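K.L.:
give me coordinates for this.
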Amino acid sequence: MGRNALFGNAAERVRQAPPAQAGGYERSGSYGQSGAGGASGAYGGGGEQGGYGSYNDRQLTAEEQEEEDVTASKQEIKFMKQQDVSSTRNALRLAQQAEETGRDTLARLGAQGERIHNTERNLDLASSQNRIAEEKARELKTLNKSMFAMHVANPFTSNSRREERDRKIMETHQSEREARDASRKAAWETQARGQAFSQGAAATGKPGGGKGTLADRAKYQFEADSDDDDMENEIDGNLDALHGAAKRLNALGRAMGDEVDTQNRHIERITGKTDKVDDQIAMNRARLDRIH
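P.N.:
A predicted model of the protein is given here:
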């Protein structure tokens with residue numbers, strides 16, 4: 001055993017060594033080998049068990065593509081109809097709120113008109129009482145004169161003065177009666193407008209009963225089913241209700257405009273009466289101040 005035993009005759013031992021078995025290392029399945037081992041599904045191999053992406057990457061047939069397009073269209077139509085249902089619901093809710101606000105406003109205008117009529121009646125009463133006060137002031141002035149004063153009636157003018165006095169009394173009475181009648185008429189017209197609007201609103205905007213025909217509905221349906229019919233029915237009903245609400249809102253706006261215009265004219269008339277009563281009161285006060 002020495003150095004020669006370990007390293008000697010190395011060339012001879014190499015020549016005498018048996019040849020390596022075919023595919024010794026590679027037989028175990030080297031990376032990318034396409035042999036029998038490759039059939040077990042090496043990465044990238046073409047075995048029948050399916051390499052990476054072998055099925056999912058295949059193109060759809062024309063029939064399959066058409067079916068997918070139809071399904072997508074159905075889903076899009078259904079989504080859009082759901083949005084339409086939601087939109088009509090919101091619009092109808094807002095219209096109902098606006099209609100309720102309009103009715104409340106019209107009711108407040110009616111109550112305001114009634115107060116204006118009461119104010120005018122009180123002014124008419126004040127004017128009548130002021131006229132009576134004016135007559136009493138004249139009587140007081142006459143009675144306040146000296147009890148020793150001699151009053152001799154002129155027979156030639158007494159009749160004419162009496163007729164003039166009677167004429168003024170009649171004119172005053174007729175004027176006051178006309179003022180009272182005008183006030184009652186204005187109050188009656190206000191109530192009549194309110195009743196007419198209530199009756200008109202009940203008949204305005206009623207559903208026309210005109211559901212869309214099958215041909216018209218078919219324009220918006222792809223494949224009609226119970227859900228689709230329900231959505232179509234709700235959309236039609238909401239649109240009919242919106243149409244009626246729009247008519248009623250228009251009538252409400254017109255009624256409020258007419259009532260405001262009437263009340264403005266009424267207020268102008270009351271302003272004139274107020275000035276007249278104020279002037280009469282000032283005059284009576286001055287007459288009373290002159291009585292000694």
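
K.L.:
let me see the mean pLDDT of the helix or strand harbouring residue 165.
P.N.:
Element membership for residue 165, per DSSP states H and E: helix 158-203. With pLDDT averaged residue by residue, helix 158-203 scores 75.

K.L.:
helices or strands up against that helix?
P.N.:
helix 62-143, helix 226-290 (3 or more CB pairs under 8 Å, 6 or more residues apart in numbering; DSSP states H and E). Where C-beta positions appear, they are placed from N, C-alpha and C, glycine not excepted.

K.L.:
quick one: that helix to helix 62-143, angle?
P.N.:
Here helix 158-203 runs at 170 degrees with respect to helix 62-143, directions being taken by axes from the mean of the first three to the mean of the last three CA atoms, to 10 degrees.

K.L.:
next one, pLDDT for residue 57 please.
P.N.:
Predicted confidence (pLDDT) for residue 57: 58.

K.L.:
let's have the helices and strands packed on helix 158-203 in CSV, adding mean pLDDT, mean neighbour count and distance to residue 165.
P.N.:
As requested, these are exported to CSV (pLDDT from 0 to 100; neighbours: other CB atoms under 10 Å; distance: least, CB to CB, whole Å):
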stretch, mean pLDDT, mean neighbour count, distance to residue 165
helix 62-143, 87, 14, 10
helix 226-290, 89, 15, 17
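
K.L.:
switch those over to TSV; also include distance to residue 171.
P.N.:
Listed next are the helices and strands packed on helix 158-203 as TSV, based on distance: least, CB to CB, whole Å:
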stretch	distance to residue 171
helix 62-143	11
helix 226-290	15
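
K.L.:
out of these, which is closest to residue 180?
P.N.:
Proximity to residue 180, assessed across these by CB to CB, is greatest for helix 62-143 (5.8 Å).

K.L.:
and the angle from that closest one to helix 226-290?
P.N.:
Counting by the same axes, to 10 degrees, helix 62-143 lies at 10 degrees to helix 226-290.

K.L.:
for stretch 181-201, which outside residues touch it?
P.N.:
Applying CB atoms under 8 Å, 6 or more residues apart in numbering, the contact partners of stretch 181-201 are 106, 110, 113-114, 117, 120-121, 124, 248, 251-252, 255, 258-259, 262, 266.

K.L.:
cool, and stretch 283-292?
P.N.:
Here stretch 283-292 makes contact (CB under 8 Å, 6+ apart) with 130, 133-134, 137-138, 140-141, 144.

K.L.:
format these as CSV; extra columns: distance to residue 182.
P.N.:
Converted to CSV, the contacts of stretch 283-292 look like this (distance: CB to CB, whole Å):
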residue, distance to residue 182
130, 18
133, 23
134, 23
137, 28
138, 28
140, 33
141, 33
144, 38
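
K.L.:
widest-spaced pair of the residues you listed?
P.N.:
The span of the contacts of stretch 283-292, defined through CB to CB, is set by 130 and 144 at 20.5 Å.

K.L.:
where's the spatially closest residue to residue 234 that is not a sequence neighbour relative to residue 226, distance?
P.N.:
Closest residue to residue 234 in three dimensions, ignoring its sequence neighbours and counting by CB to CB, 6 or more residues apart in numbering: residue 85, at 5.5 Å. Noted for residue 85: a distance of 15 Å to residue 226, by CB to CB, to the nearest Å.

K.L.:
over to residue 69?
P.N.:
Between residue 69 and residue 226 the distance, using CB to CB, works out to 24 Å.

K.L.:
wouldn't the residue nearest to residue 234 be in contact with residue 232 here?
P.N.:
No - with contact taken as CB atoms under 8 Å, residue 85 and residue 232 are classed as non-touching, separated by 9.4 Å.

K.L.:
separation between the closest residue to residue 180 other than its chain neighbours and residue 191?
P.N.:
Nearest in space to residue 180, with sequence neighbours left out and distances taken as CB to CB, 6+ apart, is residue 124 at 5.8 Å. Taking CB to CB as the measure, residue 124 falls 19 Å from residue 191.

K.L.:
now swap in residue 116 and tell me
P.N.:
Counting by CB to CB, the gap from residue 116 to residue 191 is 13 Å.
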